[in-house]
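> What shape does this take:
(chains A, B, C and D)
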Number of protein chains: 2
Amino acid sequence: MTTLGYAILGLLSREELSGYDLTGRMAGRVGYFWSARHSQIYPELARLEEGGHVTHIVVEQTERPDKKVYKITARGLDALREWVIQPPVPRPIRDEFTLKAYSVWLADKEEAAQLYREEGHRHEEQLAHYEELRAWMQGAWRENLTSADSPEFATYATLRRGIGYEREYAEWCRWMADSIERREPSGEREKSQSGKNGG
Amino acid sequence: MTTLGYAILGLLSREELSGYDLTGRMAGRVGYFWSARHSQIYPELARLEEGGHVTHIVVEQTERPDKKVYKITARGLDALREWVIQPPVPRPIRDEFTLKAYSVWLADKEEAAQLYREEGHRHEEQLAHYEELRAWMQGAWRENLTSADSPEFATYATLRRGIGYEREYAEWCRWMADSIERREPSGEREKSQSGKNGG
DNA sequence: GATCTTTATGTAAATCCTGACATATGGTAC
DNA sequence: GTACCATATGTCAGGATTTACATAAAGATC
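Numbers count the residues shown, from 1 in each chain, chains lettered A, B, ... in the order given. Coordinates of the predicted model:
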């Protein structure tokens, strides 16, 4: 079973969805840390069905094409539950932008500083979007957010990760731009950068 | 030209290396945010040479097999310089562990809490390793670290990113474990989590 | 003498993923 | 009526990446 398979099962464990619906979800929600195009999703659904992890029914629609609505099976839910608590297989992080930083010494300083300012802004925008979602979730799901066995908690958890990721990235971009421009790096939460775990 | 090609050029812009040397470097240094196996590196070197971005000479060795030492060309350096200041093509982040969090509500709480504690420890260990490197760099490269046109600065920059990434990840894992165990989340730098950019 | 490790360079099969191609329904805009 | 858009489901070619296969020199260990 592939990671994409589990990503799909993760969505189907919450609601019944068509391949088209799944394609939409894979560009949002889960999609913050996993994504796939429909060209990958449809074949994967066929494989999942072959393996008995999902089933589908055809739903006829007026005013739009018929669709196949997929449902997770008991077997699929078992597989998902098992996968969730397996320690991750170590996979390398791939980040082309950070890789570029490794060769930034070759670049024109003005152009480089601008590049990091712009990338920083992109991460700040993403962060702002996540923060809005967080505010909405805290309003709408107040009770559920503290119970770790609710899907709402799980959704909130991945969002938390997204927020931390984007904030850290934006901060680093600011530090890069400031350093390249030979300014005192801004923000100066540099205390937490000194010494392992702040010690 | 592929990202791997630029990763290799980034290393060759600093020193002449064999395919074997590059394989080692791709598991460290740059490798924190990009990596490749030798089976990918050797064919890529051939492609880079075909494109005139690198050249090689055969160095005969006693006591070990001969090797091909690669050198970046002016053309290769130009290509690298151009790539470095190009805004990144948006690529999705893939993180299987965070994806698991999306389905954590299905898991046994004790098992889940332990999973996040352990993963947190792994990131803390990586962080400690990075902090050691940082301390060493600050001692050995004191002068160079402030000049953005030195390779030392660029190395330090990617390390900074690694430190921020691991610290944030470790913190999130702690928060996850605490939340699953229904404790008051530890660390409580939660102030910075409230409101966009702390506002 | 056999096996293991490090250095050193390659190839091949399989999988993962993207981007393009392909088709069909029905509504809206021009 | 023509073009475009959202819905809906698929296939296919190619590139990126991993795992395994393959070879070879020389030293260390048993």
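> close enough to count as contact, A:Gln138 and A:Leu145?
Yes: A:Gln138 lies in contact with A:Leu145 (C-beta atoms under 8 Å); the separation is 6.8 Å. Heads up, the C-betas are built off the backbone N, CA and C, glycines and all.
> who's more crowded, the two?
A:Leu145 (17 against 12; other C-beta atoms under 10 Å in any protein chain shown).
> Angles on the backbone of the more buried one, please.
Torsion angles at A:Leu145 (phi, psi; degrees, to the nearest 10) stand at phi -60, psi -20.
> how close does it sit to B:Asp78?
53 Å (C-beta to C-beta, to the nearest Å).
> before we move on, what SS does the residue of chain A found nearest DNA strand C have?
The nearest approach of chain A to DNA strand C comes at A:Ser39, 2.9 Å away (C-beta to the nearest atom of the strand). Under DSSP: H, G, I helix; E, B strand; the rest coil, the three-state class of A:Ser39 is helix.
> distance of it from A:Glu110?
Distance, A:Ser39 to A:Glu110, using C-beta to C-beta: 41 Å.
> which one is A:Lys67 nearest to, not counting chain neighbours?
Spatial nearest neighbour of A:Lys67, chain neighbours left out: A:Ser18 (4.3 Å); criterion: C-beta to C-beta, 6 or more residues apart in numbering or on different chains.
> tell me the pLDDT at the one you found?
What the model reports for A:Ser18 is a pLDDT of 97.
> got it, and A:Val30?
Residue-level pLDDT assigned to A:Val30 equals 72.
> what's the neighbour count on it?
For A:Val30, using other C-beta under 10 Å, the count is 23.
> For the closest residue in space to it that isn't next to it in sequence, give me its contacts.
Nearest non-adjacent residue to A:Val30, counting by C-beta to C-beta, 6+ apart: B:Tyr102, 5.2 Å away. Going by C-beta atoms under 8 Å, 6 or more residues apart in numbering or on different chains, B:Tyr102 touches A:Gly10, A:Arg29, A:Val30, A:Phe33, A:Ala154, A:Thr155, A:Ala157, A:Thr158.
> what secondary structure does the spatially most distant residue from the centre of chain A sit in?
For chain A, the largest distance from the centre (C-alpha atoms, centre = their mean) belongs to A:Thr62, which lies 34.5 Å off. Per three-state DSSP, the secondary structure class of A:Thr62 is coil.
> got it, and A:Thr55?
With three-state DSSP as the basis, A:Thr55 sits in strand.
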